[in-house]
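here is the input, now give the coordinates:
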Amino acid sequence: MNLWFRLFWLLLTARKRGHINLPRQPSLLGFRVWPHDLDLSLHMNNGRYLTLMDLGRLDVMVRSGLWREVLRHRWTPIASAITIRFQRELRPFRKFRLDTRLLCWDANLVVMEQTFVIDGGPRDGQVAARALFKGGLYDRKERRFIQIAQLMALLGVSEISPPATPEVEAFLHADDQLKQAGRV
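Residues are numbered from 1 along each chain as shown. Coordinates of the predicted model:
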């Protein structure tokens with residue numbers, strides 16, 4: 001139930017957090033580790049990170065104005081690949097921030113970075129986990145991904161994608177290798 005509460009809270013407070021201008025501005029969301037977020041090791045469950053990352057990406061879509069188009073056209077957000085690197089544990093009641101930013105894109109898919117940053121205490125500002133996400137918006141009726149240029153135009157953005165960093169290139173290469181291995 002806490003995830004529904006977090007979702008409703010995110011949607012209710014989106015206007016207060018202000019508009020995000022893509023691709024330059026990130027989403028910054030504050031959270032706290034609650035007991036139902038924990039695993040048997042008494043730190044935040046690995047799967048909970050991925051669930052909270054969904055909220056970060058939703059916040060980007062809602063606050064950039066893209067969500068209205070997603071609902072209007074009945075597009076479906078699709079995660080194609082995710083890699084995450086855990087660096088520090090998030091213990092019970094620890095405050096943290098999830099930073100979600102658009103890094104680059106190709107014709108159909110975007111790459112986003114999502115970083116969990118400890119908020120307060122002796123480890124204030126330290127990274128707890130960092131993830132790279134690749135995904136896009138899918139039109140089930142047309143059975144295709146929506147062109148990123150079309151999405152950017154809907155938002156009034158005419159920028160071209162920044163070049164992929166070496167770690168993004170490695171992520172994309174690893175994803176391609178896994179995709180090819182799955183076709184055997």
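
now do the contacts for the residue nearest the centre of the chain.
Closest to where the C-alpha atoms of the chain average out (CA atoms, centre = their mean) is Arg57, at 3.7 Å. For Arg57, the contact set (CB atoms under 8 Å, 6 or more residues apart in numbering) comprises Pro77, Thr100, Met112, Gln114, Phe133, Gly135. Quick note: C-beta positions are derived from backbone N, CA and C, even for glycine.

before we move on, what SS does the nearest residue to Asp175 once chain neighbours are set aside have?
Closest residue in space to Asp175, ignoring its immediate chain neighbours: Ala81 at 4.1 Å, by CB to CB, 6 or more residues apart in numbering. Following DSSP: H, G, I helix; E, B strand; the rest coil, Ala81 is assigned to strand.

now do the SS call for Ile160.
coil.

where's it relative to Gly30, distance?
According to CB to CB, to the nearest Å, Ile160 and Gly30 sit 32 Å apart.

quick one: list the elements packing against the strand or helix carrying Leu11.
If you go by DSSP states H and E, Leu11 is part of helix 2-17. Counting contacts by 3 or more CB pairs under 8 Å, 6 or more residues apart in numbering; DSSP states H and E, helix 2-17 packs against helix 46-64.
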